[in-house]
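A.B. asks: Return atomic coordinates for the entry below.
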Amino acid sequence: MARSNSKSEFAERLTWPIWLWLFSLLMIASIYLTIWAPFGNFSAAITSLITTAGFIYSSQKSRLETVVLNGWLYVGNAKIEKKYISRVSVLSKDQFIRLNGVAADPACFTATRFWVSTGVMVELRDRNDPTPYWIISSKKAKMLAKALI
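C.D. replies: Next comes the predicted model:
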């Protein structure tokens with residue numbers, strides 16, 4: 001994965017929003033109380049620490065970094081040269097939901113996060129790649145589309 005730098009044409013990192021962290025804290029507190037009542041403080045504390053570590057690991061693994069740099073598009077661990085991009089469309093919330101659901105092509109590449117409801121569709125023209133398009137979550141969809149054109 002290319003790291004964004006001052007030469008990046010576009011860079012965005014999607015991380016957990018505050019409401020998801022608050023939900024995680026609520027879950028940890030609930031698990032603590034569930035274990036504390038029958039087993040006591042020590043067991044509840046150990047279980048809560050393990051659960052907290054799991055949430056932190058999940059937040060790190062679910063980050064999505066999108067970078068446009070030196071004629072390449074990097075999305076997570078995937079990358080493609082801009083010369084293979086035929087069209088880029090900014091998706092509204094309804095279009096984004098539809099393309100992630102009933103209208104999805106099973107061969108498409110998706111780099112989406114459930115807490116982001118907008119993004120772009122990047123159509124490809126690579127004869128050696130059966131992937132028709134990429135769906136990418138982005139809070140800055142218009143800027144990403146502009147960087148890819």
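
A.B. asks: ok, and what's touching stretch 123-135?
C.D. replies: 75, 78, 80, 84-89, 91, 96, 99-100, 104-105, 107-112, 119-122 (Cβ atoms under 8 Å, 6 or more residues apart in numbering). Placement of C-beta: from N, CA and C, glycine included.

A.B. asks: Could you do stretch 50-58 as well?
C.D. replies: Contacts for stretch 50-58 (Cβ under 8 Å, 6+ apart): Ser24, Met27, Ile28, Ile31.

A.B. asks: Same question for stretch 92-102.
C.D. replies: The contact list for stretch 92-102, computed with Cβ under 8 Å, 6+ apart, reads Leu91, Thr110, Thr112, Ser117, Thr118, Gly119, Met121, Ile135.

A.B. asks: The strand or helix carrying the last one pairs with which strands, and in what direction?
C.D. replies: Assigned by DSSP states H and E, Ile135 falls within strand 133-137. Strand pairing for strand 133-137, using DSSP bridges, gives strand 109-111 (parallel), strand 119-124 (antiparallel).

A.B. asks: can I see the domain layout of the chain?
C.D. replies: Domain assignment of the chain by automatic domain parsing yields the ranges 10-61, 78-148.

A.B. asks: Straight-line length of the first one, end to end?
C.D. replies: Read it as domain 10-61. 21 Å (Cα to Cα, to the nearest Å).

A.B. asks: what does stretch 103-117 give?
C.D. replies: End-to-end distance (Cα to Cα), stretch 103-117: 16 Å.

A.B. asks: Give the rounded mean pLDDT of that stretch.
C.D. replies: In this model, stretch 103-117 has an average pLDDT of 92.

A.B. asks: hmm, back to that, just the ones of the contacts of stretch 123-135 in helices?
C.D. replies: Counting by DSSP state H, the contacts of stretch 123-135 place Phe96, Leu99 in helices.
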